[in-house]
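Undergrad: I need the structure of the sequence given here:
(chains A and B)
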Amino acid sequence: MIKQDETRDLTLAGDSPMPKYIRRSVLALSIDDTQLGDKAYASYADAIILDFAKKANVDWQAESKARMPMAIHAASRGAAEVFVRVGCDGVVAELESVVFSGIAGVVVKGVTTAADVTAVASVLDSLEVSRGIPRGTLEIDIEVDTAGAVWHALDIARASERFGAFYINEPALCKNLGMQTTATLAFDPLEYIKSQLITVAISVGGQALGMSYPLSLTHDKVDDDTVKKAVRIARDTGFKGALCAHASWIKHCNAGFCPSPEEAAYYVKVIDVFAEGLKRGMASVPIDGKMIDVPVDLRAKLYLKWANRVQARNEAKAVAHR
Amino acid sequence: MTDNISNRRSWMIVPAHDADASARCADSKPDVVVLDLEYTVPPRAKVAAREGLAAAIRKLADGQIAVFVRIDRETRWADARAAITRGIKGIIFAGPDSPEEVAELGDLITAMERERGVEPGETELVLMMESAKGFWNLAAIAQASPRVTALGVGRIDLTMRLGPVPQDEFRLYRFLMTRALVVARMLRKQPLGALWRPDSRGGVAARDSTAKAAREARLMGFTGCVCATPEQVAPVNEGFAQV
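TA: Alright, predicted model coming up:
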């Protein structure tokens, strides 16, 4: 069994098929939501993103500073990682108002260049010191919602060692690209952009979160089977989780963005049978009509490790819910 | 050039040497007439086409038609010299591979504007991308001259250079369209292109398939495309109409 704290193992190499974080389901909630704590707790989401509003005629910085620590605490009750979403415009003031102990990092929207990320990293360097947060621990995730973020994706992902993930905000990105924001095409108009972002994120040891088309642009609530199929396609595309537009997606994301129990059982069988074969001096062994050799064995070990990390994550959440 | 993202939907190609075609081109009501010095002009008619260009541009411009000239990559210097005259809206440069080529053409246009009494900086540049190298260097190429107002995805040259003639949809096309769209939107240029398929190409284009190619491109974020025939103008205008 893998220890729970390994869900944030920063030593995982780039290009690993293992997700850097077990973050299958992410739910965004407003700190103005009076049921924030209950919703976060009941959601079973792996991560919660907190949103705050810059209200007119109100000292939003003072208000945010006063309320954010409690909101962070409330959002983490169910053992979810907690992030705060900030915008690139006025990011210094926003970060100073929302970064407190207890968050795993920030999700930055409106990014167009690598310089935007280095600016955020610089502020986090200072805030970690001034607010008693262990140095270098706050993650920077990028909400991809601009053409610039797509074009400069590699520079953006390389801009800071804090980079953790790309979140693809498809409605906002489509709007920025002048695309239709409803699922009217027979194909995914963002297919190549998604492929690029997934590859770039993994190349620097991070991951990408997103949903498959057309659910990614479907604004209505859909049935469970539709979500399950969409999650499977998203996982097969390379996404490691999704920002859930509806809380009803979460259970399907938690189950789908990881090896299933059946897959995990099969990997155990592969590893055991192959180990026996090696003892007998064989380089490959058959299982259920398929040949198992070194790369298949290696893949099974990696996927089993992933499954174990997921199980640990589930158990940590279960403990928090007792 | 205050608003780089224009909504010119149909860019109709008219052979520059064909006076009759030039006289009739306004009938189909394209948003832009493109006097062509590239493939639609036979080599032996090139010189005559260049010589008649200034008069053709002025005549169309007098009729309040937006006139561009598509120049041949191989003879772009002579073509651009012939094209810059009062009344021209811009130059279409098909197949740029590097920022240097675009900057050089921009400088030539500047010199010609000065010589011909054209308002400095008014002549736009539209880049039609037709090569792998061009697509890879797209952002730098598009920023090589402030004259660039639109980025387009080429057709025949593109398929020739990047793959065999497809039996069905040229699947690489969508990747290249995405790349062009991202850069165009990032730099606030007009994205030009349509999701062409074998039955919607050039002279064999059916009305419905042309409208479909344009409509799908609009849904993908494009706002206009080149029309190879007058018959394509109406379905293209319809397909790119904002709903």
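Undergrad: State the distance from the residue nearest to B:Gly224 when sequence neighbours are not counted to B:Val226.
TA: The shortest distance from B:Gly224 to any non-neighbouring residue, by CB to CB, 6 or more residues apart in numbering or on different chains, is to B:Arg9 (4.4 Å). For every residue, glycine as well, the C-beta is placed using N, CA and C. Distance of B:Arg9 to B:Val226, given as CB to CB, to the nearest Å: 11 Å.
Undergrad: So the residue nearest the centre of chain B, which state does it fall into?
TA: Nearest to the geometric centre of chain B sits B:Ile92, at 4.8 Å (CA atoms, centre = their mean). Classification of B:Ile92 by DSSP: H, G, I helix; E, B strand; the rest coil places it in strand.
Undergrad: Wait, it touches B:Val67, no?
TA: No - at 10.9 Å, B:Ile92 does not count as touching B:Val67 under the criterion of CB atoms under 8 Å.
Undergrad: before we move on, the earlier item: residues contacting the residue nearest to the centre of chain B?
TA: B:11, B:34, B:68-71, B:126-128, B:152 (CB atoms under 8 Å, 6 or more residues apart in numbering or on different chains).
Undergrad: Past the strand or helix carrying B:Phe175, which element shows up next along the chain?
TA: For B:Phe175, the host element (DSSP states H and E) is helix B:172-187. Later in the chain than helix B:172-187, the nearest helix or strand by DSSP H and E is strand B:190-192.
Undergrad: Tell me how far that next one lies from the chain's centre.
TA: Distance of strand B:190-192 from the chain centroid (CA atoms, centre = their mean, to the nearest Å) equals 10 Å.
Undergrad: helices or strands up against that strand?
TA: strand B:148-153, helix B:172-187 (3 or more CB pairs under 8 Å, 6 or more residues apart in numbering or on different chains; DSSP states H and E).
Undergrad: By mean pLDDT, point me to the weakest helix or strand of chain B.
TA: In chain B, no helix or strand scores lower on mean pLDDT, DSSP states H and E than helix B:156-162, which sits at a mean of 77.
Undergrad: what about that one, distance to the chain center?
TA: That offset, for helix B:156-162, works out to 16 Å (CA atoms, centre = their mean).
Undergrad: Which neighbouring elements make contact with that helix?
TA: Right, helix B:156-162 is packed against helix B:172-187 by 3+ CB pairs under 8 Å, 6+ apart.
Undergrad: Within the helices and strands, which one has A:Lys305?
TA: helix A:294-321.
Undergrad: Just the buried residues of the least confident helix or strand of chain B, please?
TA: The neighbour-count check on helix B:156-162 (16 or more other CB atoms under 10 Å in any protein chain shown) flags B:157-159, B:162 as buried.
Undergrad: Check stretch B:140-160 too.
TA: Neighbour-count burial for stretch B:140-160 flags B:141-145, B:147-155, B:157-159 (criterion: 16+ other CB under 10 Å).
Undergrad: do the same with stretch A:218-232
TA: Buried, per 16+ other CB under 10 Å, within stretch A:218-232: A:218, A:222, A:227-228, A:230-231.
Undergrad: quick one: average confidence on it?
TA: What stretch A:218-232 shows for mean pLDDT is 92.
Undergrad: So what touches it?
TA: Stretch A:218-232 is contacted from outside by A:171, A:182-183, A:211-212, A:215-216, A:242, A:245-246, A:248-249, A:252-253, A:255-257, using CB under 8 Å, 6+ apart.
Undergrad: Quick one, which of these are buried?
TA: Buried among these (16+ other CB under 10 Å): A:183, A:211-212, A:215-216, A:242, A:245, A:249, A:252-253, A:255-257.
Undergrad: Buried ones in the helix or strand hosting A:Gly148, by neighbour count?
TA: If you go by DSSP H and E, A:Gly148 is part of helix A:147-151. Neighbour-count burial for helix A:147-151, counted by 16+ other CB under 10 Å, picks out A:147-151.
Undergrad: of those residues, closest to chain B?
TA: A:Ala147 (3.8 Å; CB to the nearest CB).
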